[in-house]
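Visitor: My questions concern the predicted model and sequence given below.
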Amino acid sequence: MQYIALIHKNADTPPTSAEWEHFIEVAVKTGLFKGGSEIGSGQTIGNKPVADTSQTVGGYMRFDSEILEPLLKLLDQHPVVKHGGTIELLTMPKS
């Protein structure tokens, strides 16, 4: 199953670059991590108003895992989670 983890901007304190580097290293070693990025501001296209996601979400990470438990254990170590923030894990259904 493929997942996308949305990294919310609600940590109590900002993680350090060393914490990020360590987490990425651990995530890569698990084989579950498939990439990700910070996100910046954007534009909406269309006629209906929507919330500005970039105000609450600062980045994303992609993962592949057939069993959810190892991924959840990994995300418990995420720097934003360790600093009191939130990761939103969403499935990416095959279509």
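Guide: Alright, I've got the coordinates. Worth saying up front: this structure is predicted, and the values here are computed from it rather than measured.

Visitor: Which pLDDT value does the model give Q2?
Guide: If you check Q2, the pLDDT there is 96.

Visitor: ok, it - contacts?
Guide: 34, 62-64, 91-92, 94 (CB atoms under 8 Å, 6 or more residues apart in numbering). For every residue, glycine as well, the C-beta is placed using N, CA and C.

Visitor: Throw these into TSV and include distance to A27, thanks.
Guide: Formatted as TSV, the contacts of Q2 follow (distance: CB to CB, whole Å):
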residue	distance to A27
K34	10
R62	11
F63	8
D64	12
T91	18
M92	17
K94	23
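
Visitor: Kindly indicate the member of those with the most neighbours.
Guide: The most neighbours of any of the contacts of Q2, using other CB atoms under 10 Å, belong to F63, which has 23 neighbours.

Visitor: Helices - which of the contacts of Q2 land there?
Guide: Using DSSP state H, the subset of these located in helices is empty.

Visitor: Out of those, which comes closest to G84?
Guide: F63 (21.9 Å; CB to CB).

Visitor: Pretty sure the closest one sits against G35.
Guide: No. Using CB atoms under 8 Å, F63 makes no contact with G35, being 9.3 Å away.

Visitor: Let's see the pLDDT reported for L32.
Guide: Model confidence at L32 (pLDDT) stands at 97.

Visitor: Pull the contacting residues for it.
Guide: Listed by CB under 8 Å, 6+ apart, the contact partners of L32 are 63-65, 70-71, 74.

Visitor: change it to 10 Å
Guide: Contacts for L32 were tallied using CB atoms under 10 Å, 6 or more residues apart in numbering; they are 3, 61-67, 70-71, 74-75.
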